[in-house]
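Trainee: Next one to model:
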Amino acid sequence: QVQLVESGGGLVQAGGSLSLSCAASGGTFSNYVMGWFRQAPGKEREFVAAISRNGDSTRYAGSVKGRFTISRDNAKNTVYLQMNTLKPEDTAVYYCAADRIWSLRTMGYDYWGQGTQVAVSS
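Mentor: Numbers count the residues shown, from 1 in each chain. Okay, here's the model as predicted:
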């Protein structure tokens, strides 16, 4: 059983940056694909970014490509999401997720954190 705890959310002005972290425990971190998802009020949870087990492959949603960067440190059991040039439409609860199999779909992940709020003011 993998436990995930996100941190780093907050309030930022449009154009600013935030860095999210997700610390994992309870499993062998390097065995898991890691993903970031987000859910805005009244909307479905959506894919943001994913990174392979050893970090050599990443994928991004079109809406964040070029602005967000996902990375991981397997020695620290942590995955990161660096968010730059933030827009009001990036406002959402951000979740990290883990699974043994590569996926860009919400239902493809078995383990989820509790989420961290990101709010971007205009």
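Trainee: Quick check: beta-bridge partners of residue 92?
Mentor: Note on residue 92: beta-bridge partners residue 118, judged by DSSP bridges.
Trainee: what residue lies at the spatial centre of this structure?
Mentor: residue 36 (2.4 Å; C-alpha atoms, centre = their mean).
Trainee: Quick one: residues contacting residue 103.
Mentor: By C-beta atoms under 8 Å, 6 or more residues apart in numbering, residue 103 lies in contact with 33, 35, 50, 109. In short, each C-beta sits where N, CA and C put it, glycine included.
Trainee: Between which two of those residues is the distance greatest?
Mentor: Distances among these were taken as C-beta to C-beta; the most separated pair is 50 and 109, at 9.2 Å.
Trainee: Quickly list what's touching both of the two.
Mentor: Residues touching both residue 50 and residue 109 comprise 35, 103, with contact defined as C-beta under 8 Å, 6+ apart.
Trainee: State the pLDDT value of the nearest residue to residue 102 once chain neighbours are set aside.
Mentor: Spatial nearest neighbour of residue 102, excluding adjacent residues (C-beta to C-beta, 6 or more residues apart in numbering): residue 33 at 5.1 Å. Residue 33 is assigned 97 on the pLDDT scale.
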